[in-house]
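>>> sequence and predicted structure below; questions after.
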Amino acid sequence: MTSVNKLFASFSSLMRILSISWKSSRKWTLLSTFFIALEIISGLGVLYLLKQMVDVVTEVLAEPTAADNVGEVLHYVVLTGLGTLAYVVARALAGFARETQGMLVADHVDNMVQETAISVDLAFYESPLYHDTLERARQSGSQRPAQVASNLMLLGKNILMLAAIVVMIATINWLLLPIILFAIVPALIARIYFTRILYDWQRRRTQMERRAGYLDWLMTSDIHAKELRLNQLGNFLRFKYKHIRDDIRGEKLAISRKRTMVESIVAVVASMIFFTSLGYLAWQTAQGQNSVGELVLFLLIFQRAQTMGQELVQQLSKLYEDHLYMGMLFEFMDMQHTVPRSTQPVKIVHSEKANLKLENVCFAYPGTHKNVIKNVNMEIKPGQIVALVGANGSGKTSLIKLMTRLYDPTEGSIQINGIDAQNCDIDEYRQLFSVIFQDYSHYAESVHENIRFGHINGSDAAQTVPWAAENAGAAAFIEELDDKYDTMLTRLFDNGKELSVGQWQKIALARAFMLKSNIVILDEPTSAMDPVAESELFENFRERISHRSALVISHRLSTIRLADYIYVMDDGEIKESGTHESLFELGGIYHDLFSRQAKYYQHDLI
Ligand SMILES: Nc1ncnc2c1ncn2[C@@H]1O[C@H](COP(=O)(O)OP(=O)(O)OP(=O)(O)O)[C@@H](O)[C@H]1O
């Protein structure tokens, strides 16, 4: 990037930051600006009054009738006092307004990050780049936009105050001006240099931080608590975690050490220059070339100039740092969809009779070259119960992800009622499906909410939730819970209850049974259920799903044989398809799978 482009990029990112700040809290941005303006005006006023006071004192001291003019001095003392009071109050109010604005902006930015996180495509989760970008966005901190806005204002304030001090010092002796430059510029360069070094290091170390975070989660989350104890993994993980943290700390401390050394040298040189110039001014005063008042004024304001210069350096380097880190936040927010959204979506007509058709569908996961789905042709007709069978890794779950447009096929097409799924509005299209994956979610919410999440926008949850629970075979055990549908399903919070794996599966199934969609997709829906529960579920399955279409994936062929039509997958391809009887007669893969399972049942009976 050329310097002009870089400058333009920095400017546009600054404008973007300010617009975030403005949008999130207009009132407090205005108040904060107002109080800072008040702080600047009163601060400059105090400086001016201070100078006037010193001038008057010097004049008065030079006159023989000094005692008569004390009133004039007092006049300036009172004015300076009032100015200082205004300055202190304005400063406090500006601080409060900044803090309030900061909190509002932080919440707004958190909201924006979450909005991006819930809308990015599933493909992002598969890539370490997504996790790095999210981690960096989090590291960049939601406080930053507010900091940038207030830093800009403080910067303006300090520049004005410093300019006023420069003018005052120039009136004493212009030769003193370079001193200020020497006190400020090297410190600024050192700060900016180390800010960049630290930023580059942090970017490189994102994955290391994430790995440490992951290990910490392994050690502290309830999901792994059982295995961790039984396999005695605790100390091993603790050691690994410590090792990573030691490395991170070591690298960071090395940078901090170097920075402290350089900054100390710069500060020592600046102080030496100050004392040399003080000595020079004292000598000039002794020679009668300066007044004592000017020497006092120099001492007074140089100290201020030094503080202000330090603040200026801090604000400039902070602004630079914020600009760098906000870049990481914007990088996350600007991620583009990999599943394209149609700009002129075609309305899905007759969705209540959804006919789903896959034509020559091929698919390789992003970042891989191997097709896990190969030339698949398949159809789910309205009201039809279709089963999908196949060995582990044959591509069944990947096929569901394609049907529901969590991914798009790399070749071929998926059509709903003759319309290419890619031409439909993605939200409207996804509403056609109720899907329960093998790794369904356990929400730390009430039973009611866990089921209602299957149709979050439904209006009559009070009736539909118990109805769905009944159909999924969950109603009986829910009625036995202390708070029935209001029971909290978690031990994370007070009064929570943990369910068995099979009970959780019934809750997940009830979620799919909520009447939202036209096609119900169940990936291994009964893997944790007892045989009685399973056979009850499939006895009148068509009624339970209200005569919608269904795609059921199962390894249990007793379940599969109830389907109207069966597809057999092997290594990403549909190798066989037909009814149970026709496939059994064919004597192929299905026959083989079925016979193997049947053999064990027959053996048991003997
Ligand atoms: N996110 C992913 N990225 C890359 N490859 C993947 C991903 N998920 C699955 N695969 C690969 O795709 C292939 C099909 O996996 P899939 O989960 O679709 O199989 P499946 O038939 O559902 O298996 P199972 O019966 O074990 O659930 C496997 O070889 C797997 O390694």
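Cool, the structure landed. The shown structure was predicted, so the numbers you read here are calculated from the model rather than taken from an experiment. Residues are numbered from 1 along each chain as shown.

>>> wait, Glu39 sits on Ala90?
Yes. Assessed by CB atoms under 8 Å, Glu39 is found in contact with Ala90 at 4.2 Å. (Each C-beta comes from the backbone N, C-alpha and C, glycine too.)

>>> between these two, tell me which one has more neighbours.
Between Glu39 and Ala90, Glu39 has the larger neighbour count (other CB atoms under 10 Å), namely 24 against 20.

>>> and the more buried one, what helix or strand is that in?
helix 26-62 (DSSP states H and E).

>>> how about that helix: buried residues?
Neighbour counts over helix 26-62 (16 or more other CB atoms under 10 Å) mark 28-29, 31-33, 35-36, 38-47, 49-51, 53-57, 60 as buried.

>>> and what of stretch 118-135?
Val120, Asp121, Ala123, Phe124, Tyr130, His131, Asp132, Thr133, Leu134, Glu135.

>>> over to stretch 83-95?
Neighbour counts over stretch 83-95 (16+ other CB under 10 Å) mark Gly83, Thr84, Ala86, Tyr87, Ala90, Arg91, Leu93, Ala94 as buried.

>>> residues contacting the last one?
Put plainly, it is Ala94. The neighbours of Ala94, taking CB atoms under 8 Å, 6 or more residues apart in numbering as the test, are Ser32, Phe35, Ile36, Leu38, Glu39.

>>> do the same with the second one
Shown in contact with Thr84 (CB under 8 Å, 6+ apart): Ser42, Val46.

>>> from Val113, how far off is Thr133?
Here Thr133 is placed at a distance of 11 Å from Val113 (CB to CB, to the nearest Å).

>>> name the residues contacting each of the two.
Joint contacts of Thr133 and Val113 (CB under 8 Å, 6+ apart) are Phe332.

>>> now stretch 483-503: how far from the chain's centre is it?
Mean-position distance between stretch 483-503 and its chain equals 28 Å (CA atoms, centre = their mean, to the nearest Å).

>>> which outside residues touch it?
222, 442-448, 450, 465-466, 469, 474, 477-478, 481-482, 504, 507, 528-530, 533.

>>> 7 Å - rerun?
444-448, 450, 465, 477-478, 481, 528-530, 533 (CB atoms under 7 Å, 6 or more residues apart in numbering).

>>> and the end-to-end length of that stretch?
16 Å (CA to CA, to the nearest Å).

>>> that stretch: which residues count as buried?
For stretch 483-503, a neighbour-count test (16+ other CB under 10 Å) marks Tyr485, Thr487, Met488, Leu489, Thr490, Leu499, Gly502, Gln503 as buried.

>>> which among the contacts of stretch 483-503 gets closest to Leu583?
Nearest to Leu583 out of the contacts of stretch 483-503 is Met529 (CB to CB; 24.6 Å).

>>> next up, phi/psi of the closest one, please.
For Met529, the backbone dihedrals (degrees, to the nearest 10) come out as phi -90, psi 150.

>>> for the protein, what's the longest helix?
The residue-count maximum for a helix in the chain (DSSP state H) belongs to helix 234-286.

>>> just checking, what packs against whichever helix or strand comes after that one?
Next along the chain after helix 234-286, taking DSSP H and E as the criterion, comes helix 292-333. Helix 292-333 is packed against helix 3-24, helix 26-62, helix 70-119, helix 128-140, helix 144-172, helix 177-204, helix 234-286, with contacts defined by 3 or more CB pairs under 7 Å, 6 or more residues apart in numbering; DSSP states H and E.

>>> mean confidence score for the first one?
To tie it back to what came earlier, the one meant is helix 3-24. Averaging pLDDT along helix 3-24 gives 73.

>>> tell me the least confident of the buried residues of stretch 483-503?
Thr490 (76).

>>> got the residues of the stretch 51-200 of the chain near the ligand?
In this structure, the stretch 51-200 of the chain approaches the ligand at residues Glu126, judged by CB under 6 Å from any ligand atom.

>>> tell me where the stretch 51-200 of the chain is predicted with low confidence.
For the stretch 51-200 of the chain, applying pLDDT under 70 flags the ranges 62, 64-69, 140-143, 146, 180.

>>> give me the residue from it nearest the ligand.
At 4.6 Å from the ligand, Glu126 is the closest residue in the stretch 51-200 of the chain, using CB to the nearest ligand atom.

>>> same question for the stretch 501-606 of the chain.
Met569 (6.6 Å).
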